[in-house]
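Participant: sharing a model that was predicted from the sequence below.
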2 protein chains.
Amino acid sequence: MPAERPRRRIPEATVARLPVYLRILSEQADEAVETISSDRLAELGGVNAAKVRKDLSYLGSYGTRGVGYEVAYLVYQIRRELGLTHDWPVVIVGAGNLGQALAGYGGFGERGFPVAGIVDVDPAKVGSVLGGVRIRHIDELTQIVQAKQVNIGVIATPTASAQDAAERLVRAGVTSILNFAPVVLSVPRSIEVRKVDLAVELQILSYHEQRRATANTLRSVSGGSGAAAAATTRPARA
Amino acid sequence: MPAERPRRRIPEATVARLPVYLRILSEQADEAVETISSDRLAELGGVNAAKVRKDLSYLGSYGTRGVGYEVAYLVYQIRRELGLTHDWPVVIVGAGNLGQALAGYGGFGERGFPVAGIVDVDPAKVGSVLGGVRIRHIDELTQIVQAKQVNIGVIATPTASAQDAAERLVRAGVTSILNFAPVVLSVPRSIEVRKVDLAVELQILSYHEQRRATANTLRSVSGGSGAAAAATTRPARA
DNA sequence: CCAGCTTTGTGAACGTGTGCACGATTGCAT
DNA sequence: ATGCAATCGTGCACACGTTCACAAAGCTGG
């Protein structure tokens, strides 16, 4: 029996890329590809080959020099490392626009994250069925989490209710939260939180667009106009 | 007239945080807060005060020692740096589950990213109105982009159509893309792409949950079972 | 068995990001 | 005026992440 390899800590940056490799490898497996080189995987994943090799080396040295990696085995190892050997049921808080889209989007269940429940504060919404799951009242949250052994909660509420939703989730026993509301949640340190904020993403794109535009302007005109310069001047103190 | 400060390059990590500061500062402004210290802003933003000061210093030195930052002025400077002094119309490709939720979600327009159009390949969807915008056929994409001066495209198509959507957007003249499909897009280097992938986010959470579970297991039992050890052994070659 | 080709795994250099610590500056009280 | 408390701005050291470059290891054909 081989010695149990001490579980290395995998860098966050690598953890964030493993899902991408996993998806690509799964696709390759579907196309009956048996082995793949770091070069090819890098190309498909839009990253550098050395990075691929270093990332995969954190899982253990599963490649074969001169050949590459066995696709099926790599898929297995990544799934194991990411904890995808079993399903992780999730509970969605908020059955508004976004919550409904998330529940209706089948991809969750397919990828190992079945929707164990969806709850809302609004009694009028309770009862209707969404993506095969009945909307229940938020007071039943704890019961759902306990009964279905839910570890991951998704916050899809309006901004104002997000902190309350987070607190309810934590009280119910959830230990990881995916937050779609544009607020910084205050939760115990032990809770893992990830945030998806569309406005932030768009604003980052906006920054780059604006830079592009500024660079063009500077190239075509000699200097800033008087008005533009005045606009960047600090206003007088009150 | 003060000399035009040479436009510094702002680190990506800082660019990603500026939208968060901006939201917090806007909220503070609404509550009639006139000045704010880096300490307070750090607390509200869930980051370190030194980081706040360093981030803000890239905009220029707009704080006052012993006092803090003028909220209104900081809001103005961040908006300017992020290019939020004017609207950036966006076009959404894909009027499925997600595309509809995005169009219906009013937050886009409010935050300076009005939906200039939604397109889909499915003629059956064309014509219906979504969040005040009529769904049009994807062949009209170029026309919309040109007419409304759209720089940012949002891909909300199924996975299989995402690359095609990206190519159409680029051909139409879009220079930034926000991609919700779980694929690595192949586009010219000059195009700025950001990806939002729910499965990746959930898998990262899964990794941490799995680690938690493993740590607990190692604490309660002495070693791995024979079966578990066998499962991690490399299969024999074909 | 050897030569030559391919590809991994990783040490080392480099670049980016974070956080501390402290001087510099400001406002206020006396 | 002077002293003191508050707070910014930033140099520096450290941590983290990326990329290069090359030895090690395997495969193939003769």
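Facilitator: Received, thanks. Residues are numbered from 1 along each chain as shown, chains lettered A, B, ... in the order given.

Participant: could you say what helices and strands the lengthiest helix in chain A packs with?
Facilitator: Counting residues, the longest helix in chain A under DSSP state H turns out to be helix A:198-220. Secondary-structure packing of helix A:198-220 (3 or more C-beta pairs under 8 Å, 6 or more residues apart in numbering or on different chains; DSSP states H and E): helix B:12-30, helix B:107-110, strand B:152-155, strand B:176-179, strand B:192-195. C-beta coordinates here come from the backbone N, C-alpha and C atoms, glycine included.

Participant: what angle separates that helix from helix B:12-30?
Facilitator: Between helix A:198-220 and helix B:12-30, the angle comes out at 110 degrees (axes from the mean of the first three to the mean of the last three C-alpha atoms, to 10 degrees).

Participant: can you list the residues of chain A near DNA strand D?
Facilitator: Contacts of chain A with DNA strand D, taken as C-beta under 7 Å from any atom of the strand, map to A:11-14, A:47-48, A:50-51, A:53-54, A:64-67.

Participant: mind picking the two most distant members of the residues you listed?
Facilitator: A:12 and A:66 (31.6 Å; C-beta to C-beta).

Participant: restrict the residues of chain A next to DNA strand D to the buried ones and give me that as a PyMOL selection.
Facilitator: Here is the PyMOL command that picks out the buried ones among those, judged by 16 or more other C-beta atoms under 10 Å in any protein chain shown:
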select buried, chain A and resi 14+47+53
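
Participant: tell me which of the residues of chain A next to DNA strand D fall in strands.
Facilitator: The strands, defined by DSSP state E, take in residue A:64 from these.

Participant: which of the residues of chain A next to DNA strand D come close to DNA strand C?
Facilitator: Answer for the residues of chain A next to DNA strand D near DNA strand C (C-beta under 7 Å from any atom of the strand): A:50, A:53, A:54, A:64, A:65, A:66, A:67.

Participant: so for the second one, what's the pLDDT?
Facilitator: Model confidence at residue A:53, expressed as pLDDT, equals 98.

Participant: was I right to think it contacts residue A:39?
Facilitator: No - under the criterion of C-beta atoms under 8 Å, residue A:53 is not in contact with residue A:39, lying 9.5 Å apart.

Participant: sorry, back to before: give me whichever of the helices and strands packed on helix A:198-220 is most buried.
Facilitator: Ranked by mean neighbour count, those are led by strand B:152-155 with a mean of 28 (mean count of other C-beta atoms under 10 Å in any protein chain shown).

Participant: quick one: that one to chain centroid distance?
Facilitator: Centroid separation for strand B:152-155 versus its chain: 11 Å, with C-alpha atoms, centre = their mean, to the nearest Å.

Participant: does it come close to chain A?
Facilitator: Yes - using C-beta under 8 Å from any C-beta of the partner chain, we find that strand B:152-155 touches chain A at residue B:152.

Participant: what's the angle from the helix or strand following that strand to helix A:12-30?
Facilitator: Next in sequence after strand B:152-155, counting helices and strands by DSSP states H and E, comes helix B:159-172. Using the same axes, to 10 degrees, the direction of helix B:159-172 lies 110 degrees away from that of helix A:12-30.

Participant: how about helix B:159-172: buried residues?
Facilitator: Taking 16+ other C-beta under 10 Å as the criterion, helix B:159-172 shows B:161, B:162, B:163, B:165, B:166, B:168, B:169, B:170, B:172 as buried.

Participant: run the chain-centre distance for that helix.
Facilitator: Its chain's C-alpha centre and that of helix B:159-172 lie 19 Å apart, by C-alpha atoms, centre = their mean.

Participant: what's in contact with it?
Facilitator: B:91, B:93-94, B:121, B:138, B:141-142, B:144-146, B:150, B:153, B:155, B:157, B:177, B:179, B:181-183, B:185-188, B:191, B:193 (C-beta atoms under 8 Å, 6 or more residues apart in numbering or on different chains).

Participant: hang on, the earlier thing: reformat the buried residues of helix B:159-172 as TSV; add distance to residue A:84 and pLDDT.
Facilitator: Below are those laid out as TSV (distance: C-beta to C-beta, whole Å; pLDDT from 0 to 100):
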residue	distance to residue A:84	pLDDT
B:161	26	98
B:162	23	98
B:163	25	98
B:165	28	98
B:166	28	98
B:168	33	98
B:169	32	98
B:170	34	98
B:172	37	98
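
Participant: format the residues you listed as TSV; extra columns: distance to residue A:208.
Facilitator: Formatted as TSV, the buried residues of helix B:159-172 follow (distance: C-beta to C-beta, whole Å):
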residue	distance to residue A:208
B:161	25
B:162	21
B:163	21
B:165	20
B:166	17
B:168	21
B:169	15
B:170	15
B:172	18
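
Participant: closest one of those to residue B:72?
Facilitator: Using C-beta to C-beta, the buried residues of helix B:159-172 come closest to residue B:72 at residue B:169, 36.5 Å.

Participant: which stretches of chain A have low pLDDT?
Facilitator: Where chain A drops to pLDDT under 70, the residues are A:1-7, A:218-238.

Participant: ok, 80 please
Facilitator: Applying pLDDT under 80 to chain A flags the ranges A:1-8, A:106-107, A:215-238.

Participant: could you name the helices and strands sitting against the helix or strand encompassing residue A:98?
Facilitator: Per DSSP H and E: residue A:98 is located in helix A:97-104. Using 3+ C-beta pairs under 8 Å, 6+ apart as the contact test, the elements touching helix A:97-104 are strand A:90-93, strand A:115-120, strand A:129-130, helix B:97-104.

Participant: what's the most buried one of these?
Facilitator: Of all the helices and strands packed on helix A:97-104, strand A:90-93 carries the top mean neighbour count, a mean of 26, counting by mean count of other C-beta under 10 Å.

Participant: and the contacts of that strand?
Facilitator: A:99, A:102-103, A:108, A:113-120, A:138, A:141, A:144-145, A:148, A:150, A:152-157, A:165, A:168-169, A:174, A:178, B:202.

Participant: would you mind listing what in chain A touches DNA strand C?
Facilitator: A:36-39, A:49-50, A:53-54, A:56-57, A:61-69.

Participant: and chain B, which of these reach it?
Facilitator: Among these, the residues within reach of chain B (C-beta under 8 Å from any C-beta) are residue A:62.

Participant: could you give the bridge partners of the closest residue in space to residue A:63 that isn't next to it in sequence?
Facilitator: Closest residue to residue A:63 in three dimensions, ignoring its sequence neighbours and counting by C-beta to C-beta, 6 or more residues apart in numbering or on different chains: residue A:69, at 4.7 Å. According to DSSP bridges, the residues that bridge with residue A:69 are residue A:36, residue A:63.

Participant: tally up the residues packed near residue A:69, please.
Facilitator: Burial of residue A:69 is recorded as 24 neighbouring residues (other C-beta atoms under 10 Å in any protein chain shown).

Participant: ok, it to residue A:42 distance?
Facilitator: Distance check for residue A:69 against residue A:42: by C-beta to C-beta, to the nearest Å, it reads 12 Å.

Participant: if anything else comes up later, I'll come back, but that's it for now.
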